[in-house]
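Chemist: Kindly return the folded structure for what I paste below:
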Amino acid sequence: MKSIFYSALFLSASLCAQEHQYDYTFFTNSLMKDNFFYGNVKSSGSASVKNQNNKLLVDKNEFHSAGNSLVLDYKNAKDGKWEASIEYEDVRGKDFFTKSNFLSFWIKSEKNDSNILPTVKLQKADGSFSKPIRFKLTKKNQWENILIDISSLDASVKDNPKSVKAIVFSQPENSDSNNKIWLDDIAFIDSKEKKTISSIPKISFTKGYMKHVDLKWNPITDNNIRYVKIYRSDNGKDFKPVGIQDAYIDRFADFTKETGKKYSYKISFLDKLFNESKLSEIVSAETRNMSDEELMTMVQEASFNYYWDGAELESGLSKENTNGRQNMIATGASGFGIMALIAGTERGFISRKESVERFTKIVNFIEKADKYHGAVAHFIDGTTGKTEPFFGTKDNGADLVETSFFIQGLLVAHQYFNKDNAEEKNIRTKIDKFWKGIEWDWFKQTPDSKYLYWHWSPDQGWVINHNLIGWNETMVTYLMAIASPTHSVPASMYYSGWASQEKRAQDYRKDWGNSDEGAMYTNGNTYYGIKLDVGVNKGGPLFFAHYSFMGYDPHGLTDKYTNYFKNNQNIAKINYLYCVENPKKQKGYGKDGWGLTASDGPNGYNPDEPVEREDTGKLTPTGAIASFPYTPTESMAVLKNFYLNYGDFLWGEYGFRDSFDLNNNWCSPIFMGLNQAPMTVMMENYRTGLIWNLFMSHPDVKTGIQKLEKEK
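Modeler: Below you'll find the predicted structure:
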């Protein structure tokens, strides 16, 4: 359902003047081996560039910054020409950039004859090109930095780097020759001056797991530092670079692929021109065999760290995703993250004292955040508490669904922090104030409405006019509205709105599902031998079975049509069996490769589901792993397969990256706030029931369920 709004993305620069500014970077490293997804190779006549599926090749053995580079093994020909583009990889929320005064790239060439070296030009988003530029090399078979003044290409790019789609290397005119070059660290930068780095690097934490080692250092505040460079040794003496990390991230996961080995590490700091600081002192860690239980804890803790170490600094809440907005928090993801923080506290990832400090920060932020009839916006500036209309000017007020995700997490925290001391009382009091201030009944839009509505704008009213109809992720909104002690809606709205069977609701389901199956809310069809009581098509993307049920225990939710643990379990099993059948012959699908749900993709965000028209070929770790309560054996198979066999590209500083697509040799570079927490939380619910038990113990939640029971 979120795809409706991702397509309306609006970038509000005026409200984010203090947001982190990125260098406009085309290539640093490829997560995937063999070929680079972002770009294209084409040739004519006798000219050629070695490629794979018209993509540039990746070389893991040659690089300027670890651990790979792009290789152009080309043949120039007078009777033809070749061209290779390296496209900018657009990342959600990466909207603010440093001034683009220079194009910087590092090159290594077998030959340094300028007559056979390619020209370079900019491809604009509108399809036009800048004039091509020649460059010279002074060395052969050595890395050399090329700096080109942007004004010599296109001066308009300086203040508008997003107008550039790609860097294009092309055959020079009238040349019959061949050469091989490697390209690395391609970016627009603001200055060619060497920066002074006074900070001394220090590794503060290291720990070995089955196939990787985690490293951590203190957050970096020196703006002259662009990257952290990581060195590894397997004998404590001979160190080689194994990776670089963006300076705004204070963690690195070194996926060594080896178990039972001791490794030593050092780090250094780099400026934008890769001038290097002094090295840190050496630290060591050893990889080891791990049981299934230990692997589960490892995944939980890694995802937990997204919300602990990766949180927005002022509010302590969750960002939408990594590599994007640094000041903006997402309220729904924050609600999920709150539950992950509670699970992590109970598992000892942090102390209760640390948790209390974080939640004190959170509840203090909630008090100052913009509210609209008690509800909060989808996105909020963490430094000011002001609404951020990230999805467009119409979405500049209340988001009732995100509010319900948020309060679901906060009610868990309310029950967890139950000590009789001032700090925990303060947390409970402020959560209670927020909970009781949400005017759920006002979001009916009219007194006689059968439905709740998703959005309200303070200056445009009900302009989006999106009423909430299931089956999807919004069940929790009706359940919370019914449970409210101050502004509740009648429990009958569950059936008149969420589970409505009137024509309006049927048409809504048919429209987004492109199917009559499940249009009545009930389904009743059998898929792969499994009867599905409720759900459109084959149940939809798996997040439908997760988001409303991280706090609400589906075992205890039974309406006129089904029990929701059994229904969710059937949805997960159908998803699994679809991937085992694999009707589209997608790479990686099978008994240990399943979990179709909403996530980042090679062509943008998409809510994949187990029907062919919505199966884009990407696999999303949270899909299967957050389904642990429903499919523990099948989910464990995915966890182990993804970590042991794909971990070298899929595992990062916060655990599993958002998604990957083996058909396109693509892996998402981001971790998403909506997708990391469900793994931590639902695995905890499977293992101990902690989050379910806490949430279901809240008196208002109990009352809401009792009200719903009377409607059956």
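
Chemist: which SSE is Pro678 in?
Modeler: helix 673-687 (DSSP states H and E).

Chemist: for that helix, packing partners?
Modeler: Packing contacts for helix 673-687, counted by 3 or more Cβ pairs under 8 Å, 6 or more residues apart in numbering; DSSP states H and E, involve helix 292-308, helix 331-346, helix 621-625, strand 655-656, helix 690-696. Quick note: C-beta positions are derived from backbone N, CA and C, even for glycine.

Chemist: now the second one, how far from the chain's geometric center?
Modeler: In this case it means helix 331-346. 16 Å (Cα atoms, centre = their mean, to the nearest Å).

Chemist: now the angle from that helix to helix 292-308?
Modeler: 130 degrees (axes from the mean of the first three to the mean of the last three Cα atoms, to 10 degrees).

Chemist: immediately after helix 331-346, which helix or strand?
Modeler: Assignment by DSSP H and E places the next element after helix 331-346 at helix 352-368.

Chemist: With distance to Glu502 and mean pLDDT added, can I get the helices and strands packed on helix 673-687 in TSV?
Modeler: Converted to TSV, the helices and strands packed on helix 673-687 look like this (distance: least, Cβ to Cβ, whole Å; pLDDT from 0 to 100):
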stretch	distance to Glu502	mean pLDDT
helix 292-308	40	99
helix 331-346	28	99
helix 621-625	32	99
strand 655-656	41	99
helix 690-696	31	99
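
Chemist: Nearest approach to Gly529 belongs to which of the ones you listed?
Modeler: Set against Gly529 and scored by Cβ to Cβ, these come closest in helix 621-625, at 19.8 Å.

Chemist: Need the residues that contact the closest one.
Modeler: Residues from elsewhere that reach helix 621-625, judged by Cβ atoms under 8 Å, 6 or more residues apart in numbering: 299, 541-543, 546, 575-576, 594-597, 599, 631, 634-635, 638-639, 642, 650, 655-659, 675-676, 678-679, 682-683.

Chemist: Just the C-alpha atoms of it, please, in PDB.
Modeler: In PDB, the C-alpha atoms belonging to helix 621-625 read as follows (Å, rounded to 0.1, in the frame of the first residue of the first chain):
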ATOM      1  CA  PRO A 621      15.100 -11.000   4.100                       C
ATOM      2  CA  THR A 622      12.500  -9.500   6.400                       C
ATOM      3  CA  GLY A 623       9.800 -11.300   4.500                       C
ATOM      4  CA  ALA A 624      10.700 -14.800   5.600                       C
ATOM      5  CA  ILE A 625      12.700 -13.900   8.800                       C
END
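
Chemist: Out of the helices and strands packed on helix 673-687, which is closest to Tyr561?
Modeler: Proximity of the helices and strands packed on helix 673-687 to Tyr561 was assessed by Cβ to Cβ; the nearest stretch is helix 690-696, lying at 20.9 Å.

Chemist: Just the buried positions in that closest one, please.
Modeler: Leu690, Ile691, Trp692, Leu694, Phe695, Met696 (16 or more other Cβ atoms under 10 Å).

Chemist: now do stretch 267-282
Modeler: Ile267, Ser268, Phe269, Leu270, Asp271, Lys272, Leu273, Phe274, Ser277, Ser280.

Chemist: ditto for stretch 188-201
Modeler: Neighbour-count burial for stretch 188-201 [16+ other Cβ under 10 Å]: Phe188, Ile189, Asp190, Lys195, Ile197, Pro201.

Chemist: which residues touch the fourth one?
Modeler: Neighbour list for Lys195: Asn224, Asp271, Lys272, Leu273, Asn275 [criterion: Cβ under 8 Å, 6+ apart].

Chemist: What is the three-state secondary structure of the fourth one?
Modeler: The reference is to Leu273. Here Leu273 is coil, with the state taken from DSSP: H, G, I helix; E, B strand; the rest coil.

Chemist: Can you tell me the SS state at the closest residue to it other than its chain neighbours?
Modeler: Ranked by Cβ to Cβ, 6 or more residues apart in numbering and with sequence neighbours excluded, the top spatial neighbour of Leu273 is Lys194, at 6.3 Å. Applying three-state DSSP to Lys194 yields a three-state assignment of coil.

Chemist: my read: Lys194 touches Asp271, true?
Modeler: Yes. With contact defined as Cβ atoms under 8 Å, Lys194 reaches Asp271; the gap is 6.8 Å.

Chemist: distance of Glu293 from Phe628?
Modeler: 12 Å (Cβ to Cβ, to the nearest Å).

Chemist: for Glu258, same thing?
Modeler: Taking Cβ to Cβ, one finds Glu258 at 28 Å from Phe628.

Chemist: Settle it for me: which of these two has more neighbours?
Modeler: Phe628 (25 against 12; other Cβ atoms under 10 Å).

Chemist: Can you get me a residue count around the residue nearest to that one when sequence neighbours are not counted?
Modeler: Once flanking residues are discounted, Phe628 sits nearest to Tyr686: 4.0 Å by Cβ to Cβ, 6+ apart. For Tyr686, the count of nearby residues is 18 (other Cβ under 10 Å).

Chemist: Need the residues that contact stretch 396-405.
Modeler: So stretch 396-405 is contacted by 330-333, 335-336, 371-373, 375-378, 387, 389, 438, 440, 443, 452-460, 468, 473-474, 476-477, 480-481, 547 (Cβ under 8 Å, 6+ apart).

Chemist: Past the helix or strand of the chain with the lowest mean pLDDT, which element shows up next along the chain?
Modeler: Using mean pLDDT, DSSP states H and E, helix 3-6 stands out as the lowest-scoring helix or strand of the chain, at a mean of 40. Next helix or strand after helix 3-6 toward the C-terminus (DSSP H and E): strand 24-27.

Chemist: For the helix or strand that comes right after that following strand, which strands pair with it and how are they oriented?
Modeler: Counting by DSSP H and E, the next helix or strand C-terminal to strand 24-27 is strand 39-44. In the sheet, strand 39-44 lines up against strand 81-87 (antiparallel) (DSSP bridges).

Chemist: So which one of the buried residues of stretch 188-201 is the model least confident about?
Modeler: On pLDDT alone, Lys195 ranks lowest of these, at 89.

Chemist: hang on, Val463 packs against Tyr453?
Modeler: No. Val463 is beyond contact range of Tyr453, at 10.8 Å (criterion: Cβ under 8 Å).

Chemist: Surely Lys262 is in contact with Ser233?
Modeler: No. Lys262 is beyond contact range of Ser233, at 9.6 Å (criterion: Cβ under 8 Å).

Chemist: Between those two, which is the more surrounded one?
Modeler: Neighbours of Lys262 and Ser233, each counted by other Cβ under 10 Å, are more numerous for Ser233; the result is 17 against 14.

Chemist: how much space between that one and Ile282?
Modeler: Taken as Cβ to Cβ, the span from Ser233 to Ile282 is 8 Å.

Chemist: so where does Ile574 fall, helix or strand?
Modeler: helix 564-581.

Chemist: ok, back up a step: of Val463 and Tyr453, give the one with the bigger neighbour count.
Modeler: Ranked by neighbour count (other Cβ under 10 Å), Val463 and Tyr453 place Tyr453 first, with 21 against 15.

Chemist: residues in contact with the more buried one?
Modeler: Counted by Cβ under 8 Å, 6+ apart, Tyr453 has contacts Leu400, Phe443, Lys444, Gln445, Trp462, Asn465, His466, Asn467, Leu468.

Chemist: Look at the spatially closest residue to the first one that is not a sequence neighbour and say how many residues are nearby.
Modeler: Spelled out, that is Leu400. Distances taken as Cβ to Cβ, 6+ apart place Phe443 nearest to Leu400, at 5.0 Å, with adjacent residues excluded. By the measure other Cβ under 10 Å, the count of residues near Phe443 is 28.
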